[in-house]
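S.K.: Quick one, structure for this:
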Amino acid sequence: MQRLKTLFALSFLFLSMLACQSLADDEYYEEETPAATEAPIEATEAPAEATEAPAAEEAIACPALMDQIVQTITDSQNKEVADAKYETEMPLVTYTVNGDEISDPQLESVSEELQSLQADEATQRQVWDYFVELIPAERRADIAEYAIFTDGVDNTLAAVVQTQSDPTKWSLQVDPEDTKQFDVLTPTLLHEYAHLLSLGSAQVVPSLAIFNNPGDNDIYLKESSACPNYFTTEGCANADSYLDDFYNQFWVNLHDEWSAINRVEDPTERQTQLDAFYSKYEDQFVTVYAATNPEEDLAEAWSVFVLTPKPDADSIMNQKIAFFYNYPEMVELRSTILSNICTALPKYEK
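M.R.: Purely as a prediction, here's the structure:
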């Protein structure tokens, strides 16, 4: 799963849409993007329109705070992502997660230059505590590890990846060099949480063959060919999963064109072609990064879904944001997270 860069470039859609309101009104280390299955995939019916969700209790209104989050995101559009300071992302420490608590820090051997960053347990715990305040406990039960790494300032901020010991458990990974602003950290954590929401074992059946043989293309092709639904790096998405529904509604017609780009081996050339792919279908994606693959597209759209009011379904891009309103549990989760942001963020601002 590719990590989200420090500031993902959300469009000015945010500025025109955002208004913190009564919710009763709406409601790893960086790897290649996952290859699509080559088996033919038939589109299924899009999820039926959900019945109107029960009116939610009015959330804490914090329009100024939400505007602040949006402004940091839109400001990033003119900011280039820095080259990584180190040749590889440097692991620093890994904690065991037990509910809300992190413990048993396992320290990596690091250079003298990184020792102070590694030893900054206060910052590490502060970021974890903020994540815990945003996401309800029952919604993050699959997280078994919390890992700290760095690649320098202004590059990769956070990631989620399967743990090395259990494909049904996940590691949340954060670079403390990029956590100075919690209003910037907020949408990134939401994006990474969307991956947990859509790739967890309740949504995607993990492939043990791929998990035990990473990088084996023959095994990957065999596993993907046996999957009748959308196939991720981790395994076969369930037919009723968020990701498979999202793929069938928005990506079936793009699959062949995107898949050909995704098979390009040279990363620079692949990125060039992905940029051209985005430019061709710009009105379908909330960000440039969303065009990377269906997984990133869903995660970007989900972040916008959480942070903005329900849009009119007048474009494919807006339909992707409104997609999550088909699921009453997503509407309820959105309400909870928005309320949590309004309560928690002021305590963590530096």
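
S.K.: A strand includes C236, no?
M.R.: Yes: under DSSP: H, G, I helix; E, B strand; the rest coil, C236 sits within a strand.

S.K.: In terms of pLDDT, where does the nearest residue to it once chain neighbours are set aside sit?
M.R.: Nearest residue to C236 in three dimensions, chain neighbours excluded: C227, at 3.6 Å (C-beta to C-beta, 6 or more residues apart in numbering). All C-beta atoms are positioned from the backbone trio N, CA, C, and that covers glycine. In this model, C227 is scored at 97, pLDDT.

S.K.: mind checking how far C227 is from R263?
M.R.: Noted for C227: a distance of 18 Å to R263, by C-beta to C-beta, to the nearest Å.

S.K.: Between the two, point out the one with more neighbours.
M.R.: Counted by other C-beta atoms under 10 Å, C227 and R263 do not tie: C227 has more neighbours, with 19 against 11.

S.K.: That one reaches A239, doesn't it?
M.R.: No: assessed by C-beta atoms under 8 Å, C227 is found out of contact with A239, at 10.3 Å.

S.K.: Overlap of the contact sets of these two?
M.R.: Residues touching both C227 and A239 (C-beta atoms under 8 Å, 6 or more residues apart in numbering): there are none.

S.K.: average model confidence for stretch 117-124?
M.R.: Taken as a whole, stretch 117-124 has an average pLDDT of 96.

S.K.: List of residues touching that stretch?
M.R.: Contacts of stretch 117-124 (C-beta under 8 Å, 6+ apart): 92-93, 95, 105, 107-108, 110, 146, 148, 150, 174, 176-177, 179.

S.K.: Tell me which helix or strand P105 sits in.
M.R.: If you go by DSSP states H and E, P105 is part of strand 101-107.

S.K.: Remind me what that strand packs against, helices and strands.
M.R.: Packing partners of strand 101-107 (3 or more C-beta pairs under 8 Å, 6 or more residues apart in numbering; DSSP states H and E): strand 90-98, helix 121-134.

S.K.: Just put these in TSV and tack on distance to T233 and mean neighbour count.
M.R.: Shown next, in TSV, are the helices and strands packed on strand 101-107 (distance: least, C-beta to C-beta, whole Å; neighbours: other C-beta atoms under 10 Å):
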stretch	distance to T233	mean neighbour count
strand 90-98	20	19
helix 121-134	23	18
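
S.K.: and the gap between the residue of the chain positioned farthest from its centre and A119?
M.R.: What lies farthest from the middle of the chain is E112; by C-alpha atoms, centre = their mean that is 32.4 Å. Distance from E112 to A119, counting by C-beta to C-beta: 12 Å.

S.K.: same thing with K169?
M.R.: Look at K169 and A119: by C-beta to C-beta, they are 27 Å apart.

S.K.: and what of E349?
M.R.: Applying C-beta to C-beta, one obtains 24 Å for the distance of E349 from A119.

S.K.: Pick out whichever of these two has more residues nearby.
M.R.: Each of E349 and A119 has its neighbours counted (other C-beta under 10 Å); A119 has more, 13 against 10.

S.K.: where does stretch 257-265 sit relative to the chain's centre, distance-wise?
M.R.: Relative to its chain's centre, stretch 257-265 lies at 21 Å (C-alpha atoms, centre = their mean, to the nearest Å).

S.K.: Please identify the buried residues of that stretch?
M.R.: 258, 261-262 (16 or more other C-beta atoms under 10 Å).

S.K.: Test my guess that A144 contacts P167.
M.R.: No: distance between A144 and P167: 11.2 Å, which falls outside the contact criterion (C-beta under 8 Å).

S.K.: any weak-confidence spans in the stretch 251-350 of the chain?
M.R.: Judged by pLDDT under 70, the stretch 251-350 of the chain has its weakly predicted residues at 350.

S.K.: just the helices in it please.
M.R.: Secondary structure of the stretch 251-350 of the chain by DSSP state H, counting those that start in this stretch: the helices cover 255-262, 267-280, 294-307, 316-322, 328-348.

S.K.: Out of the ones you listed, the one nearest L197 is which?
M.R.: Proximity to L197 (C-beta to C-beta) singles out helix 294-307 among the helices of the stretch 251-350 of the chain, at 7.2 Å.

S.K.: Can you check the pLDDT for the residue farthest from the centre of the chain?
M.R.: You'll see E112 listed with a pLDDT of 94.

S.K.: any idea how far it is from Y95?
M.R.: Applying C-beta to C-beta to E112 and Y95 gives a distance of 23 Å.

S.K.: Then D142?
M.R.: 16 Å.

S.K.: okay, now T287: neighbour count?
M.R.: T287 has 25 neighbours, counted by other C-beta under 10 Å.

S.K.: ok, now the one 5 residues further on?
M.R.: A count of neighbours around T292, defined by other C-beta under 10 Å, yields 23.

S.K.: Same question for Q106.
M.R.: 12.

S.K.: Quick check: bridge partners of it?
M.R.: Counting by DSSP bridges, Q106 forms beta bridges with T94.

S.K.: can you tell me which residues contact it?
M.R.: Contact analysis of Q106 by C-beta under 8 Å, 6+ apart lists 93-95.

S.K.: Now do the strands in the stretch 1-150 of the chain.
M.R.: 4-5, 90-98, 101-107, 143-150 (DSSP state E, counting those that start in this stretch).

S.K.: N318: which of those is closest?
M.R.: Nearest of the strands of the stretch 1-150 of the chain to N318, taken as C-beta to C-beta: strand 4-5 at 21.6 Å.
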